[in-house]
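[1] Only the shape, not the letters, is given here:
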């Protein structure tokens, strides 16, 4: 009797294997990805049957999640059958909790058909966020706002926030705008970006705004971004002021290592003047010779 039951079970399993199957026994994916599972069936027998997607370690306790009659069960899950021997299960924005055993299944009057499949979801770790400017950082030399952006290349369901060096939150997004108004009140300021999800968080390098020349209506400042080439405002907006104000010039050279900029500009000015003189002197000489020649001619006629 026991042998007969085992034989009948084997025949039933073999029959189901030929009638419903998947092309994979296991699927691996990362959090946030979208996957599509192909469930193959005997189109000559089950083309008009209702197919469904089921979750559970045991078939006896399997929970139906979606079927081909409902089709779109949620924004994360749908099951579609084009009646060509395959029905498709699409899962979107998958998370770690989606890992487990699933079943492709077909509803029947006496006993449903089923075929198991394992889904293994792995975590997509957060990478260290990078900082970049969305407009030209040199705008700071004219006192204009500079917008900086924080972005992490990997991770799922990320949330961004910006903080001052003392831990005070200044923005709850990946965008931060640096403006003169904030700097004139607090002088130099440092910021950092933090990215997080339900399990982890990571911080960026420090962004430093160095106030060079505060005024009533604006300011001149430098924006020092991590892993970016530094720049100077002395060539654009403050060179003339620095020549007349030794204090301002000394502050700027100290902050930005620009002690050699002024000598370079002086040598450049001398070179330009010398080039102009090389053109003007021959002209003066020629005019002088013509004048002398005309004077001599006039003398002879008299």
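    Everything's here; your move. These figures come from a predicted structure and were not determined experimentally. Numbering: from 1, shown residues only.

[2] ok, residue 151 - contacts?
    Neighbour list for residue 151: 129, 130, 132, 174 [criterion: Cβ atoms under 8 Å, 6 or more residues apart in numbering]. Any C-beta I mention is one placed from the backbone N, CA and C, and that applies to glycine too.

[3] one more time with 10 Å
    Applying Cβ atoms under 10 Å, 6 or more residues apart in numbering to residue 151 gives the contacts 127, 129, 130, 131, 132, 158, 160, 174, 193, 195, 204.

[4] from the residues you listed, which would you call buried?
    Among those, those buried by neighbour count (16 or more other Cβ atoms under 10 Å) are 129, 130, 131, 158, 160, 174, 193, 195, 204.

[5] re earlier: grab the two from the contacts of residue 151 that are most spread out in space.
    Spatial extent of the contacts of residue 151 (Cβ to Cβ) is set by the pair 132 and 158 at 16.2 Å.

[6] before we move on, back to that, could you dump the contacts of residue 151 into a markdown table and include pLDDT, distance to residue 34 and secondary structure?
    As requested, the contacts of residue 151 are exported to a markdown table (pLDDT from 0 to 100; distance: Cβ to Cβ, whole Å; DSSP: H, G, I helix; E, B strand; the rest coil):
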| residue | pLDDT | distance to residue 34 | secondary structure |
| --- | --- | --- | --- |
| 127 | 94 | 21 | coil |
| 129 | 95 | 24 | coil |
| 130 | 95 | 26 | strand |
| 131 | 95 | 30 | strand |
| 132 | 93 | 28 | strand |
| 158 | 95 | 17 | coil |
| 160 | 97 | 23 | strand |
| 174 | 96 | 23 | coil |
| 193 | 96 | 28 | strand |
| 195 | 97 | 22 | strand |
| 204 | 95 | 29 | coil |
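
[7] tell me the domain ranges of the protein?
    According to automatic domain parsing, the chain is divided into the following domains: 17-122, 130-231.

[8] out of those domains, nearest to residue 297?
    domain 130-231 (60.5 Å).

[9] beta partners for the residue sitting nearest the centre point of the chain?
    For the chain, the residue nearest the mean C-alpha position is residue 151 (3.7 Å; Cα atoms, centre = their mean). Beta-bridge pairing for residue 151 (DSSP bridges): residue 130.

[10] How about the longest strand along the chain, which residues are buried there?
    Of all segments of type strand in the chain, defined using DSSP state E, the longest is strand 113-122. Of all the residues in strand 113-122, those buried under the rule 16+ other Cβ under 10 Å are 113, 114, 115, 116, 117, 119, 121.

[11] and if you look at stretch 85-95?
    87, 88, 89, 90, 91, 94.

[12] Neighbouring strands of the longest strand of the chain in the sheet, and parallel or not?
    Sheet pairing for strand 113-122, assigned by DSSP bridges, gives strand 26-30 (parallel), strand 100-106 (antiparallel).

[13] Helices of this structure, start to end?
    2-19, 43-46, 180-186, 239-244, 246-256, 261-301 (DSSP state H).

[14] most tightly surrounded among the strands paired with strand 113-122?
    strand 100-106 (a mean of 21; mean count of other Cβ atoms under 10 Å).

[15] Now do that one: distance to the chain's middle.
    37 Å (Cα atoms, centre = their mean, to the nearest Å).

[16] where among the domains of the chain is the average confidence lowest?
    Of all the domains of the chain, domain 130-231 carries the lowest average pLDDT, namely a mean of 89.

[17] start to end distance for it?
    Chord length of domain 130-231, first to last residue, is 19 Å (Cα to Cα, to the nearest Å).

[18] now stretch 24-38
    Using Cα to Cα, the end-to-end distance of stretch 24-38 comes to 9 Å.

[19] Could you do stretch 210-224 as well?
    Stretch 210-224: ends 8 Å apart by Cα to Cα.

[20] Can you list the buried residues in it?
    Residues of stretch 210-224 classed as buried under the neighbour-count rule (16+ other Cβ under 10 Å) are 210, 211, 212, 213, 219, 220, 221, 222, 223, 224.

[21] so the third one sits right up against residue 234, yeah?
    Just to be clear, that refers to residue 212. Yes: between residue 212 and residue 234 there is a contact under Cβ atoms under 10 Å: 9.1 Å.

[22] any idea how far residue 202 is from the nearest residue to residue 68 once chain neighbours are set aside?
    Closest residue in space to residue 68, ignoring its immediate chain neighbours: residue 81 at 4.2 Å, by Cβ to Cβ, 6 or more residues apart in numbering. Relative to residue 202, residue 81 is positioned 43 Å away (Cβ to Cβ, to the nearest Å).
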